[in-house]
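> Quick one, what's the 3D model for this:
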Amino acid sequence: MATDRITISAGGKDFVTSLSTLKSSGAGYFEALLGPTGRSMTKGRKRARADDDEPPHELFVDRDPDLFGDVLAFMRSGRIPAATRTDAARLEDLRDEAEFFAYDDLATACTEAVDALVAALEAMTPPAPVAQSLRCTNVPCNGTPLAVSVPKGQVLFLASATIAGPGSTAHRYSKTEKQKEDETAVGSYLTFSGEQHEPDFQLMTGHPDLPNKVVLAHVAIDHFRTDGEHGLHVDFRQDLRICLSADSNINQEVNFTARGPADCCWSLAIWVGHADAIPGLTQRPAAPPTRAVPRTHRGEDDDSFTTVMLAAMLARRRSAARTRLATMSAIAHLAARR
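Modelled structure (predicted):
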(Lines give C-alpha, C1' and ligand atoms only; values in the text may rest on other atoms or scores of the structure.)
Protein backbone atom coordinates (compact mmCIF):
# COMPACT_ATOMS: atom_id res chain seq x y z
CA MET A 1 0.00 0.00 0.00
CA ALA A 2 1.46 3.32 -1.07
CA THR A 3 2.22 5.80 1.66
CA ASP A 4 3.39 9.39 1.58
CA ARG A 5 5.69 8.92 4.54
CA ILE A 6 9.45 8.67 4.05
CA THR A 7 12.45 8.44 6.38
CA ILE A 8 15.67 10.21 5.45
CA SER A 9 18.88 9.23 7.19
CA ALA A 10 21.26 12.20 7.14
CA GLY A 11 24.65 11.44 8.64
CA GLY A 12 23.15 8.69 10.80
CA LYS A 13 20.20 10.71 12.11
CA ASP A 14 16.69 9.87 10.92
CA PHE A 15 14.25 12.53 9.74
CA VAL A 16 10.65 11.63 8.98
CA THR A 17 8.78 13.70 6.43
CA SER A 18 6.47 13.25 3.47
CA LEU A 19 7.18 12.64 -0.20
CA SER A 20 4.99 15.58 -1.13
CA THR A 21 7.17 17.87 1.01
CA LEU A 22 10.31 16.75 -0.79
CA LYS A 23 8.80 16.86 -4.28
CA SER A 24 7.20 20.28 -3.88
CA SER A 25 10.20 21.89 -2.17
CA GLY A 26 11.97 22.89 -5.37
CA ALA A 27 15.18 21.11 -4.35
CA GLY A 28 16.58 19.65 -7.57
CA TYR A 29 18.34 16.82 -5.74
CA PHE A 30 15.12 15.28 -4.42
CA GLU A 31 13.13 16.09 -7.55
CA ALA A 32 15.62 14.04 -9.55
CA LEU A 33 15.99 11.27 -6.97
CA LEU A 34 12.24 10.76 -6.52
CA GLY A 35 11.39 11.26 -10.19
CA PRO A 36 11.89 9.05 -13.24
CA THR A 37 15.68 9.30 -13.02
CA GLY A 38 15.78 7.96 -9.49
CA ARG A 39 13.35 5.12 -10.25
CA SER A 40 15.37 4.05 -13.27
CA MET A 41 18.47 3.90 -11.09
CA THR A 42 16.61 1.60 -8.63
CA LYS A 43 15.34 -0.74 -11.35
CA GLY A 44 18.82 -1.18 -12.70
CA ARG A 45 20.03 -2.72 -9.44
CA LYS A 46 17.26 -5.34 -8.93
CA ARG A 47 14.71 -7.40 -10.76
CA ALA A 48 11.48 -5.68 -11.66
CA ARG A 49 8.63 -6.14 -9.23
CA ALA A 50 5.05 -4.99 -9.16
CA ASP A 51 5.86 -2.19 -6.76
CA ASP A 52 8.96 -0.95 -8.61
CA ASP A 53 7.16 2.25 -9.59
CA GLU A 54 6.44 3.07 -5.97
CA PRO A 55 8.72 5.73 -4.44
CA PRO A 56 11.18 4.65 -1.75
CA HIS A 57 10.28 4.79 1.92
CA GLU A 58 13.85 5.32 3.10
CA LEU A 59 16.70 7.44 1.79
CA PHE A 60 20.25 8.03 2.91
CA VAL A 61 22.14 11.30 2.32
CA ASP A 62 25.69 11.68 3.49
CA ARG A 63 25.27 15.20 4.86
CA ASP A 64 25.52 16.95 8.22
CA PRO A 65 22.40 16.03 10.23
CA ASP A 66 22.29 19.32 12.13
CA LEU A 67 22.20 21.37 8.95
CA PHE A 68 19.80 18.99 7.22
CA GLY A 69 17.30 19.79 9.97
CA ASP A 70 17.35 23.40 8.79
CA VAL A 71 16.99 22.29 5.16
CA LEU A 72 13.92 20.23 6.06
CA ALA A 73 12.51 23.07 8.18
CA PHE A 74 12.75 25.41 5.17
CA MET A 75 10.95 22.85 3.00
CA ARG A 76 8.09 22.75 5.47
CA SER A 77 7.68 26.45 6.27
CA GLY A 78 9.49 28.33 3.54
CA ARG A 79 11.59 30.22 6.07
CA ILE A 80 14.94 29.74 7.79
CA PRO A 81 14.65 29.02 11.54
CA ALA A 82 14.99 32.16 13.64
CA ALA A 83 18.05 30.91 15.52
CA THR A 84 19.88 30.26 12.27
CA ARG A 85 19.00 33.66 10.78
CA THR A 86 21.16 35.36 13.45
CA ASP A 87 24.15 33.04 12.99
CA ALA A 88 26.41 34.16 10.14
CA ALA A 89 28.65 31.08 10.16
CA ARG A 90 25.68 28.72 10.17
CA LEU A 91 24.06 30.62 7.30
CA GLU A 92 27.23 30.16 5.28
CA ASP A 93 27.21 26.41 5.96
CA LEU A 94 23.49 26.19 5.21
CA ARG A 95 24.05 27.91 1.87
CA ASP A 96 26.58 25.19 1.02
CA GLU A 97 23.89 22.60 1.78
CA ALA A 98 21.46 24.46 -0.47
CA GLU A 99 23.99 24.29 -3.29
CA PHE A 100 24.47 20.55 -2.78
CA PHE A 101 20.73 19.90 -2.90
CA ALA A 102 20.30 22.29 -5.86
CA TYR A 103 17.88 24.25 -3.70
CA ASP A 104 17.76 27.75 -5.17
CA ASP A 105 15.07 29.12 -2.86
CA LEU A 106 17.07 28.18 0.24
CA ALA A 107 20.30 29.62 -1.21
CA THR A 108 18.51 32.90 -1.93
CA ALA A 109 17.04 32.98 1.56
CA CYS A 110 20.51 32.48 3.07
CA THR A 111 21.91 35.33 1.00
CA GLU A 112 19.07 37.64 2.06
CA ALA A 113 19.59 36.70 5.71
CA VAL A 114 23.29 37.50 5.44
CA ASP A 115 22.50 40.87 3.83
CA ALA A 116 20.11 41.63 6.68
CA LEU A 117 22.84 40.87 9.22
CA VAL A 118 25.28 43.12 7.37
CA ALA A 119 22.72 45.94 7.31
CA ALA A 120 22.08 45.50 11.04
CA LEU A 121 25.79 45.61 11.75
CA GLU A 122 26.25 48.76 9.70
CA ALA A 123 23.32 50.38 11.50
CA MET A 124 24.93 49.66 14.87
CA THR A 125 28.34 50.92 13.77
CA PRO A 126 28.58 54.72 13.75
CA PRO A 127 30.17 56.17 10.62
CA ALA A 128 33.77 57.20 10.89
CA PRO A 129 34.02 60.93 11.48
CA VAL A 130 35.10 62.84 8.41
CA ALA A 131 36.06 66.41 7.70
CA GLN A 132 36.46 68.29 4.48
CA SER A 133 39.86 69.62 3.59
CA LEU A 134 40.84 73.04 4.85
CA ARG A 135 39.05 75.57 2.68
CA CYS A 136 39.75 79.24 2.11
CA THR A 137 36.96 81.56 1.08
CA ASN A 138 36.33 85.31 1.09
CA VAL A 139 33.56 87.35 2.68
CA PRO A 140 33.29 90.71 0.90
CA CYS A 141 32.94 93.83 3.02
CA ASN A 142 30.25 95.25 0.75
CA GLY A 143 27.49 93.50 2.71
CA THR A 144 27.07 90.49 0.41
CA PRO A 145 26.49 87.43 2.66
CA LEU A 146 28.38 84.17 2.30
CA ALA A 147 26.60 80.89 3.13
CA VAL A 148 28.64 77.79 3.92
CA SER A 149 26.78 74.46 3.87
CA VAL A 150 27.14 72.43 7.07
CA PRO A 151 25.52 68.96 6.99
CA LYS A 152 23.44 67.88 9.95
CA GLY A 153 25.57 66.57 12.79
CA GLN A 154 28.67 68.44 11.61
CA VAL A 155 30.21 71.77 12.55
CA LEU A 156 32.12 74.59 10.95
CA PHE A 157 35.47 75.39 12.52
CA LEU A 158 36.70 78.91 11.74
CA ALA A 159 40.44 78.65 12.19
CA SER A 160 41.41 82.19 11.18
CA ALA A 161 40.27 85.31 9.34
CA THR A 162 42.55 87.73 7.53
CA ILE A 163 41.77 91.20 6.22
CA ALA A 164 42.52 91.24 2.50
CA GLY A 165 41.65 92.99 -0.72
CA PRO A 166 42.98 96.02 -2.64
CA GLY A 167 41.66 98.47 -0.08
CA SER A 168 43.74 96.95 2.69
CA THR A 169 47.09 97.29 0.99
CA ALA A 170 49.42 99.00 3.44
CA HIS A 171 52.42 101.11 2.57
CA ARG A 172 54.77 103.40 4.41
CA TYR A 173 55.68 106.91 3.45
CA SER A 174 58.16 109.45 4.78
CA LYS A 175 57.53 112.95 6.07
CA THR A 176 56.56 115.67 3.72
CA GLU A 177 58.55 118.89 3.73
CA LYS A 178 55.89 120.45 5.93
CA GLN A 179 56.01 117.57 8.33
CA LYS A 180 59.75 117.82 8.56
CA GLU A 181 59.33 121.34 9.94
CA ASP A 182 57.06 119.93 12.65
CA GLU A 183 59.26 118.40 15.31
CA THR A 184 56.35 116.43 16.73
CA ALA A 185 55.81 114.60 13.43
CA VAL A 186 58.50 111.94 13.57
CA GLY A 187 59.05 108.58 11.92
CA SER A 188 56.90 106.93 9.25
CA TYR A 189 53.22 106.40 8.72
CA LEU A 190 51.05 103.46 7.74
CA THR A 191 48.15 104.17 5.45
CA PHE A 192 45.84 102.32 3.03
CA SER A 193 45.11 102.63 -0.63
CA GLY A 194 41.35 102.52 -0.13
CA GLU A 195 39.16 105.58 -0.39
CA GLN A 196 38.08 105.37 3.24
CA HIS A 197 40.76 106.79 5.49
CA GLU A 198 39.57 105.16 8.70
CA PRO A 199 38.92 101.54 7.79
CA ASP A 200 36.85 99.61 10.31
CA PHE A 201 36.60 95.86 9.68
CA GLN A 202 33.96 93.58 11.20
CA LEU A 203 33.30 89.90 10.54
CA MET A 204 29.88 88.70 11.66
CA THR A 205 27.72 85.60 11.59
CA GLY A 206 23.96 85.24 11.69
CA HIS A 207 21.01 84.80 9.38
CA PRO A 208 21.21 87.39 6.60
CA ASP A 209 17.53 88.36 6.99
CA LEU A 210 17.83 89.08 10.71
CA PRO A 211 19.25 92.33 12.05
CA ASN A 212 21.10 90.89 15.01
CA LYS A 213 24.50 89.50 14.10
CA VAL A 214 27.28 88.05 16.24
CA VAL A 215 30.61 89.78 15.71
CA LEU A 216 33.43 87.26 15.37
CA ALA A 217 36.27 89.69 14.71
CA HIS A 218 36.55 93.49 14.84
CA VAL A 219 39.64 95.40 13.72
CA ALA A 220 39.87 99.18 13.52
CA ILE A 221 42.98 100.56 11.80
CA ASP A 222 44.11 104.16 11.99
CA HIS A 223 47.10 105.93 10.49
CA PHE A 224 50.05 104.85 12.56
CA ARG A 225 53.38 106.45 13.15
CA THR A 226 56.52 105.52 14.99
CA ASP A 227 59.44 107.36 16.42
CA GLY A 228 61.64 106.28 13.55
CA GLU A 229 63.57 103.77 15.61
CA HIS A 230 61.02 101.00 16.09
CA GLY A 231 59.29 99.12 13.30
CA LEU A 232 55.54 99.15 12.97
CA HIS A 233 53.70 95.93 12.32
CA VAL A 234 49.96 95.34 12.04
CA ASP A 235 48.82 91.72 11.94
CA PHE A 236 45.77 91.54 9.69
CA ARG A 237 45.30 87.87 10.53
CA GLN A 238 42.99 87.02 13.42
CA ASP A 239 43.53 83.59 14.98
CA LEU A 240 39.90 82.89 15.91
CA ARG A 241 39.50 79.09 16.38
CA ILE A 242 35.72 79.36 16.70
CA CYS A 243 33.36 76.39 16.28
CA LEU A 244 29.95 77.16 14.71
CA SER A 245 26.89 75.08 13.96
CA ALA A 246 24.21 75.66 11.35
CA ASP A 247 21.66 78.44 11.84
CA SER A 248 18.80 75.93 11.83
CA ASN A 249 17.92 72.36 10.94
CA ILE A 250 16.27 73.58 7.75
CA ASN A 251 18.91 75.30 5.65
CA GLN A 252 21.95 73.68 7.31
CA GLU A 253 24.12 76.72 6.64
CA VAL A 254 26.45 79.06 8.48
CA ASN A 255 26.13 82.61 7.18
CA PHE A 256 28.86 85.26 7.26
CA THR A 257 28.68 88.99 6.54
CA ALA A 258 31.35 91.66 6.78
CA ARG A 259 31.64 95.43 7.08
CA GLY A 260 34.47 97.63 5.97
CA PRO A 261 35.79 99.32 2.84
CA ALA A 262 33.91 98.02 -0.19
CA ASP A 263 37.10 96.90 -1.92
CA CYS A 264 38.17 94.78 1.08
CA CYS A 265 37.19 91.35 2.37
CA TRP A 266 37.80 88.84 5.11
CA SER A 267 39.67 85.76 3.93
CA LEU A 268 38.53 82.76 6.00
CA ALA A 269 40.29 79.47 6.68
CA ILE A 270 37.59 76.96 7.68
CA TRP A 271 36.98 73.26 8.25
CA VAL A 272 33.57 71.59 7.82
CA GLY A 273 32.92 68.12 9.20
CA HIS A 274 32.51 66.04 12.34
CA ALA A 275 34.09 67.66 15.37
CA ASP A 276 36.15 64.57 16.16
CA ALA A 277 37.79 64.68 12.72
CA ILE A 278 38.77 68.35 12.57
CA PRO A 279 42.48 68.77 13.35
CA GLY A 280 43.13 70.74 16.48
CA LEU A 281 39.48 70.96 17.57
CA THR A 282 39.33 67.81 19.68
CA GLN A 283 41.50 64.77 20.13
CA ARG A 284 40.14 61.96 18.04
CA PRO A 285 39.22 58.98 20.22
CA ALA A 286 40.71 55.56 19.62
CA ALA A 287 38.72 53.18 17.46
CA PRO A 288 36.23 51.16 19.52
CA PRO A 289 36.82 47.41 19.81
CA THR A 290 35.03 45.10 17.43
CA ARG A 291 31.56 44.31 18.74
CA ALA A 292 29.93 40.94 18.37
CA VAL A 293 26.35 40.69 17.12
CA PRO A 294 24.07 38.92 19.65
CA ARG A 295 23.14 35.37 18.73
CA THR A 296 20.32 33.17 19.85
CA HIS A 297 21.53 29.85 18.37
CA ARG A 298 23.29 27.61 20.84
CA GLY A 299 25.73 24.89 19.90
CA GLU A 300 29.14 23.44 20.62
CA ASP A 301 30.71 25.55 17.85
CA ASP A 302 28.87 28.72 18.84
CA ASP A 303 31.49 31.27 17.78
CA SER A 304 30.76 34.97 18.05
CA PHE A 305 29.49 36.72 14.98
CA THR A 306 31.95 39.54 14.24
CA THR A 307 32.62 42.00 11.54
CA VAL A 308 35.66 40.01 10.42
CA MET A 309 33.54 36.91 9.96
CA LEU A 310 31.02 38.84 7.90
CA ALA A 311 33.69 40.18 5.61
CA ALA A 312 35.20 36.73 5.10
CA MET A 313 31.80 35.19 4.57
CA LEU A 314 30.79 37.74 1.95
CA ALA A 315 34.06 37.17 0.14
CA ARG A 316 33.34 33.42 -0.03
CA ARG A 317 30.07 33.64 -1.90
CA ARG A 318 30.20 30.97 -4.53
CA SER A 319 28.03 30.22 -7.52
CA ALA A 320 25.15 27.82 -6.83
CA ALA A 321 25.29 26.56 -10.40
CA ARG A 322 28.66 24.86 -9.86
CA THR A 323 27.45 22.46 -7.17
CA ARG A 324 24.08 21.97 -8.84
CA LEU A 325 25.73 20.84 -12.07
CA ALA A 326 28.02 18.47 -10.19
CA THR A 327 25.07 16.88 -8.36
CA MET A 328 22.93 16.48 -11.47
CA SER A 329 25.88 15.10 -13.42
CA ALA A 330 26.46 12.46 -10.75
CA ILE A 331 22.81 11.37 -10.88
CA ALA A 332 22.86 11.22 -14.69
CA HIS A 333 26.07 9.19 -14.59
CA LEU A 334 24.52 6.62 -12.26
CA ALA A 335 21.45 6.39 -14.48
CA ALA A 336 23.61 5.78 -17.53
CA ARG A 337 25.37 2.87 -15.81
CA ARG A 338 22.22 0.90 -15.18
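> low-scoring stretches of the stretch 1-150 of the chain, by residue?
Across the stretch 1-150 of the chain, the ranges flagged by pLDDT under 70 are 1-2, 37-55, 127-131, 133.
> can you do 80?
1-3, 35-56, 125-134 (pLDDT under 80).
> Quick one: the helices in it, in order.
Here the stretch 1-150 of the chain has its helices, by DSSP state H, counting those that start in this stretch, at 19-23, 28-33, 36-43, 65-77, 82-85, 88-100, 104-124.
> Go through the ones you listed and pick out the most buried.
Stretch with highest mean neighbour count among the helices of the stretch 1-150 of the chain: helix 88-100 (a mean of 22; mean count of other C-beta atoms under 10 Å). Every residue, glycine included, has its C-beta placed from N, CA and C.
> quick one, what contacts the closest residue to residue 236 other than its chain neighbours?
In space, and not counting its chain neighbours, residue 236 is closest to residue 163: 4.1 Å by C-beta to C-beta, 6 or more residues apart in numbering. Applying C-beta atoms under 8 Å, 6 or more residues apart in numbering to residue 163 gives the contacts 201, 219, 236-237, 260, 264-267.
> Sheet-wise, list the partners of the host helix or strand of residue 163 with their directions.
Applying DSSP states H and E as the criterion places residue 163 in strand 155-164. Using DSSP bridges, the strands paired with strand 155-164 are strand 237-244 (antiparallel), strand 265-273 (antiparallel).
> Relative to residue 280, which of those strands is closest?
For residue 280, the closest of the strands paired with strand 155-164 is strand 237-244, at 7.6 Å, according to C-beta to C-beta.
> low-scoring pLDDT stretches of the stretch 151-300 of the chain, where are they?
Flagging of the stretch 151-300 of the chain using pLDDT under 80 yields the residue ranges 153, 166-199, 207-211, 221-235, 246-251, 279-300.
> Let me see the ranges of the helices in it.
177-181.
> What residue, apart from its backbone neighbours, is nearest residue 5 spatially?
Nearest residue to residue 5, sequence neighbours excluded (C-beta to C-beta, 6+ apart): residue 18, at 6.2 Å.
> is it true that the one you found touches residue 7?
No: counting by C-beta atoms under 8 Å, residue 18 sits too far from residue 7 to count as a contact (10.8 Å).
> circling back to that earlier point, just the closest of the contacts of residue 163 to residue 34, please.
residue 267 (80.5 Å).
> and that closest one, what does it touch?
Per C-beta under 8 Å, 6+ apart, neighbours of residue 267: 136-138, 161-164.
> would you turn those residues into a markdown table with distance to residue 11?
Output for the contacts of residue 267, formatted as a markdown table (distance: C-beta to C-beta, whole Å):
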| residue | distance to residue 11 |
| --- | --- |
| 136 | 69 |
| 137 | 69 |
| 138 | 75 |
| 161 | 74 |
| 162 | 77 |
| 163 | 82 |
| 164 | 79 |
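> Please spell out the PyMOL selection for the buried subset of the contacts of residue 163.
To isolate the buried subset of these in PyMOL, counting by 16 or more other C-beta atoms under 10 Å, use the following:
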select buried, resi 201+219+236+260+264+265+266+267
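> just curious, which of the contacts of residue 163 is nearest to residue 94?
Of the contacts of residue 163, the one sitting nearest to residue 94 (C-beta to C-beta) turns out to be residue 267, at 61.9 Å.
> looking at the sheet around the closest one, what are its partners?
Going by DSSP bridges, residue 267 forms beta bridges with residue 138, residue 162.
> can I see the domain layout of the chain?
The chain is divided into the following domains under automatic domain parsing: 5-125+304-336, 135-277.
> Kindly indicate which of the contacts of residue 163 lies nearest residue 22.
The closest of the contacts of residue 163 to residue 22 turns out to be residue 267 (C-beta to C-beta; 76.7 Å).
> how close does that closest one get to residue 200?
Going from residue 267 to residue 200 by C-beta to C-beta, to the nearest Å gives 17 Å.
> do residue 158 as well
Counting by C-beta to C-beta, the gap between residue 158 and residue 200 amounts to 20 Å.
> same question, residue 78
According to C-beta to C-beta, residue 78 stands 77 Å off from residue 200.
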